[in-house]
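Peer 1: fold the stuff below for me.
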Amino acid sequence: MSLHPESVRLAAKDSIPVLTGYVLLGMAYGIFMNTSGFPWYYPVIMAVVIYGGSLEFVAVSLLLSRFAPLQTFLLAFMIQARHLFYGLAMLEKYHGAGNRKFYLIYALTDETFAVAGSRVLPDNINKYDYYFTLSLLDHCYWITGAALGGIFGSFLPFDTTGLDFMMTAMFVVIFLDAWMREKSHLSSLIGFGASFLCLVLFGADGFIIPSMCVILCFLLVFRKTIAEKGGFE
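Peer 2: The predicted model follows:
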């Protein structure tokens, strides 16, 4: 499969913030698996097959607990249910991607969605090559981090507590970048306001799905207004 060079270069450039977060957090995950008693290749396999950071961390305790397939399925669904909303938002962008669409759907993580969903592509860029390259690079970053953590985790002498905060910091950077490039801040304000309201009402452990529902409803209501004011510069 031949990829458009300009599309690949742009995707690689846009993936740099994800590179930093995924490699370091992936290493934290690999270290966590290592210190939990799993060999180095376990985090690598899980990074390839599951590819869901929060779920992979939870899966460590699931692997160490008793066999409970139904509870595991329900927990996994609750943790990853937000991706249903990501998929709905990317339907138009991924339409016409052919066989690559299956991988694009599988590899649509929080960070890939944040970058791809807010990126306005120039006319000389093949959007399908861009989305595919971005998704593949982000996936490779996560696998690389998990492998490094799994292999070298037992040799690290320092405390890695709090390492996962870098993902929060990365989302803040992506949000600020989108804010600076927006012509209208209505969609960002909707997202921030709905998330804050649901955080207050439902708490830190249960606000994600309600906030997604509220954001989706508001975006549908104000879709015409947002389209008229324009998206990004």
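Peer 1: what's the pLDDT at the closest residue to residue 53 other than its chain neighbours?
Peer 2: Excluding the flanking residues, the one nearest residue 53 by C-beta to C-beta, 6 or more residues apart in numbering is residue 25, at 6.5 Å. Yep, even glycine has a C-beta here, placed from its N, CA and C like the rest. Looking at residue 25, its pLDDT is 85.
Peer 1: may I see the buried residues of the strand or helix carrying residue 25?
Peer 2: Counting by DSSP states H and E, the element that carries residue 25 is helix 16-35. The neighbour-count check on helix 16-35 (16 or more other C-beta atoms under 10 Å) flags 17-19, 21-34 as buried.
Peer 1: same for the helix or strand following that helix, what does it pack against?
Peer 2: Going down the chain from helix 16-35, the next helix or strand is helix 41-49, by DSSP H and E. If you count contacts as 3 or more C-beta pairs under 8 Å, 6 or more residues apart in numbering; DSSP states H and E, helix 41-49 packs onto helix 16-35, helix 53-64, helix 127-152.
Peer 1: how is the protein carved up into domains?
Peer 2: 5-160, 182-233 (automatic domain parsing).
Peer 1: determine which stretch of those is the most buried.
Peer 2: For these, the largest average neighbour count (mean count of other C-beta atoms under 10 Å) is found in domain 5-160, namely a mean of 17.
Peer 1: helix or strand with the lowest mean pLDDT in the chain?
Peer 2: Here the helix or strand of the chain ranked lowest by mean pLDDT, DSSP states H and E is helix 165-181, holding a mean of 68.
Peer 1: quick check: nearest residue in space to residue 42, chain neighbours excluded?
Peer 2: residue 33 (5.5 Å).
Peer 1: which residues touch the one you found?
Peer 2: 42, 43, 46, 60, 146, 149, 150, 153 (C-beta atoms under 8 Å, 6 or more residues apart in numbering).
Peer 1: next: residue 225.
Peer 2: Counting by C-beta under 8 Å, 6+ apart, residue 225 has contacts residue 186.
Peer 1: which SSE is it in?
Peer 2: Per DSSP H and E: residue 225 is located in helix 223-229.
Peer 1: average pLDDT for that helix?
Peer 2: In the prediction, helix 223-229 has an average pLDDT of 71.
Peer 1: list of residues touching the host helix or strand of residue 78?
Peer 2: Remark: residue 78 resides in helix 69-80, with elements defined by DSSP H and E. With contacts defined as C-beta under 8 Å, 6+ apart, helix 69-80 is touched by 52, 54, 55, 58, 62, 209.
Peer 1: contact partners for the third one?
Peer 2: The reference is to residue 55. With contact taken as C-beta under 8 Å, 6+ apart, residue 55 is in contact with 76, 79, 80.
Peer 1: at 10 Å instead, please
Peer 2: 46, 62, 75, 76, 77, 78, 79, 80 (C-beta atoms under 10 Å, 6 or more residues apart in numbering).
Peer 1: tell me the centre residue of this protein?
Peer 2: residue 110 (2.1 Å; C-alpha atoms, centre = their mean).
Peer 1: right, and it touches residue 86 too?
Peer 2: Yes. Here residue 110 reaches residue 86: they are 7.7 Å apart, a contact under C-beta atoms under 10 Å.
Peer 1: thanks again, I'm all set now.
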